[in-house]
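> can you look at this prediction? I've put the sequence above it.
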Amino acid sequence: MADTADTRTPAQIEADIKRRREVLAETLDEIGVRVHPKTIVGDAKAKAVAHVDHTMGRAYVQVNRVVSDVRAQFADEHGRLRMDRVVPVALVVVGVGGLIALSRRRGR
């Protein structure tokens with residue numbers, strides 16, 4: 001049978017106990033910080049802000065994509081307006097606006 005007796009000196013045992021107490025104290029301090037209400041609220045705020053930032057970033061990308069798509073429909077590769085597409089849309093918008101104005105006048 002192998003000898004499993006502790007061969008450390010009392011000074012080594014005391015030093016080991018002291019190190020373990022210090023590690024335990026640090027661990028308890030970390031736990032105390034993590035469960036402190038201010039830390040919990042701060043973490044929740046940070047998560048909410050990150051979520052909002054992510055959502056706003058995605059919305060910005062979507063809007064930018066739509067604007068780019070619309071711009072591509074009404075401008076050529078040099079940025080000049082394509083009148084063959086702008087004029088019909090403008091006429092439709094003016095016509096719908098006129099119809100809305102007439103319907104409001106008739107409603108009075």
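Sure, I can see it. All of these numbers come straight from a predicted model, not from anything done at the bench.

> if you skip the residues just before and after it, what's nearest to Thr39?
Leaving aside its chain neighbours, Thr39 sits nearest to Val33 (5.7 Å; criterion: C-beta to C-beta, 6 or more residues apart in numbering). C-beta: built from backbone N, CA, C; applies to glycine.

> give me the element the one you found is part of.
helix 10-35 (DSSP states H and E).

> the helix or strand just after that helix versus helix 10-35: what angle between them?
If you walk from helix 10-35 toward the C-terminus, the next helix or strand you reach (DSSP H and E) is helix 37-74. Angle, helix 37-74 to helix 10-35, by axes from the mean of the first three to the mean of the last three C-alpha atoms, to 10 degrees: 50 degrees.

> what's the following helix or strand past helix 37-74 in contact with?
Next in sequence after helix 37-74, counting helices and strands by DSSP H and E, comes helix 83-107. Under the contact criterion C-beta atoms under 8 Å, 6 or more residues apart in numbering, helix 83-107 has outside partners Gln73, Phe74.

> swap the cut-off to 6 Å and go again
Helix 83-107 has contacts (C-beta atoms under 6 Å, 6 or more residues apart in numbering) with Phe74.

> tell me the mean pLDDT for it?
The pLDDT scores in helix 83-107 average 90.

> then stretch 10-30?
95.

> which parts of that stretch are buried?
Within stretch 10-30, no residue is scored as buried using 16 or more other C-beta atoms under 10 Å.

> ok now that stretch, how far from the chain's centre?
The chain centre lies 41 Å from the centre of stretch 10-30; the measure is C-alpha atoms, centre = their mean, to the nearest Å.
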